[in-house]
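Asks: Show me the folded form of this:
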Amino acid sequence: MAVNANHVLAHPALGACARSQAQALLLLHQASPRVASPFATQQRWLMSQAALAQYFRNETSEPGSGLLAERVGELVVRHDLASRNTAAAFVNEMLKYDILRHIACSQHKRRRPFEPSPSTLALLLQWLAIHLTTLDALDGGQRSAALSAQPALLGAIQPLIADGLLASREVRQPDKTFSLFTWVNDGGVVMDRLIARCRLEEGETETGIVEAGLGRVTTDVTSVSGLARRLNLSRTQLGRKLATAEAMGSIGWNGTRGRSPLWISDGFRREYHAAQAVKLAIIDAAFEACFEGAHGPGLSNAISA
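Replies: Below you'll find the model as predicted:
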């Protein structure tokens, strides 16, 4: 049985697993920043998911058919993600940077179908493997190994993931601080960086911090400029978002602002963990529909064990 988001969120190991997952996603982004650009904001991420799902479904019914730009526009409008003009600009940008590419043997001159480039598909496969590894770490499953043995099933899994993401209110309308960052370029990368670099003191655990009511966890970030430079972001834009998050009580500085370690609140971490739990549950449901026998004992059993 696929995991439940509430069970994921309640798992005592989620904090450590979320930090490991965030670090893996950061490495993936650093290795292929251009290919990762479609996932830079919530809007672009969801447009990418919708387009990829339609591409894979087209390939299942008619191999080599690809996807047309006007079809992407229809999908984006149907799911209320953006306007047709925004979708068209997005597709053109992806073609420009070879994230998408026209199908060479296409007989159409004016309506040229396109497909994801090999590097795009490789990144998507790695993205899925990272999340399956997190699920395996939570319940002792073998999902990642199953995907590695049958990578071609990516085309069957991804459309189901996209359906779940697009249908989820929690994904499409995240709360509070998480929402603040998801709609800024590479905001997800910023959150991954903060979560991945939380510094637990000796003897502290993720669960212990929350139970002790300490209210915050220190990171290794000491400078907005340094963080922006490391992530190749605008210092001005990032500074504004961090200032807004600070006003919300979600982040702060242990000493002088911008010259001392930055902390994040337990509330912000909880928002991040909740968002990951929803995403992981959607991914696991899609995985279960395509694989059998690769799950562990289940999250509810893992929690009580």
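Asks: what are the ranges of the strands in this protein?
Replies: Along the chain, the stretches classed as strands by DSSP state E are 100-102, 114-116, 216-218, 251-253, 262-265.
Asks: ok, the nearest residue to R71 once chain neighbours are set aside - contacts?
Replies: In space, and not counting its chain neighbours, R71 is closest to Q54: 6.4 Å by Cβ to Cβ, 6 or more residues apart in numbering. (Each C-beta comes from the backbone N, C-alpha and C, glycine too.) Counting by Cβ atoms under 8 Å, 6 or more residues apart in numbering, Q54 touches 67, 71-72, 75, 159.
Asks: Return the member of the residues you listed nearest to V224.
Replies: Nearest to V224 among the contacts of Q54: V72, at 35.9 Å, using Cβ to Cβ.
Asks: I figured the closest one hits A87, correct?
Replies: Yes - with contact defined as Cβ atoms under 8 Å, V72 counts as touching A87 (5.3 Å).
Asks: any residues in contact with both of the two?
Replies: M47.
Asks: Please report how far the nearest residue to S234 once chain neighbours are set aside lies from H102.
Replies: The shortest distance from S234 to any residue other than its chain neighbours is 6.6 Å, reached at A228 (Cβ to Cβ, 6+ apart). Plainly put, A228 is 35 Å away from H102 if you go by Cβ to Cβ, to the nearest Å.
Asks: do the same with P63
Replies: Counting by Cβ to Cβ, the gap from P63 to H102 is 17 Å.
Asks: Please name the residues that touch L233.
Replies: Neighbouring residues of L233 by Cβ under 8 Å, 6+ apart: 185-186, 190, 227.
Asks: want to try CSV for those residues, with neighbour count as columns?
Replies: Converted to CSV, the contacts of L233 look like this (neighbours: other Cβ atoms under 10 Å):
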residue, neighbour count
N185, 15
D186, 23
V190, 22
L227, 21
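Asks: Among the residues you listed, which lie within helices?
Replies: Residues of these located in helices (DSSP state H): 190, 227.
Asks: now the contacts of L233 as CSV including pLDDT?
Replies: Formatted as CSV, these follow (pLDDT from 0 to 100):
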residue, pLDDT
N185, 79
D186, 84
V190, 91
L227, 87
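Asks: Nearest to A82, out of the contacts of L233: which one, please.
Replies: Relative to A82, the closest of the contacts of L233 is N185; by Cβ to Cβ it sits at 15.0 Å.
Asks: Which pLDDT value belongs to the closest residue to that closest one other than its chain neighbours?
Replies: Nearest residue to N185, sequence neighbours excluded (Cβ to Cβ, 6+ apart): A40, at 5.0 Å. Among the per-residue scores, A40 holds a pLDDT of 74.
Asks: what's around N254, how many residues?
Replies: N254 has 14 neighbouring residues, counting by other Cβ atoms under 10 Å.
Asks: Of P63 and H102, which one has the most company?
Replies: Using other Cβ under 10 Å, the more surrounded residue of P63 and H102 is H102, with 13 against 8.
Asks: and stretch 86-106, how far from the chain's centre?
Replies: What separates the centre of stretch 86-106 from the centre of its chain is 22 Å, taken as Cα atoms, centre = their mean, to the nearest Å.
Asks: just to revisit the earlier point, wait, isn't the residue nearest to S234 in contact with K241?
Replies: No - using Cβ under 8 Å as the test, A228 is too far from K241 to be in contact (10.4 Å).
Asks: Distance check, T177 against E271.
Replies: Counting by Cβ to Cβ - T177 and E271 are separated by 6 Å.
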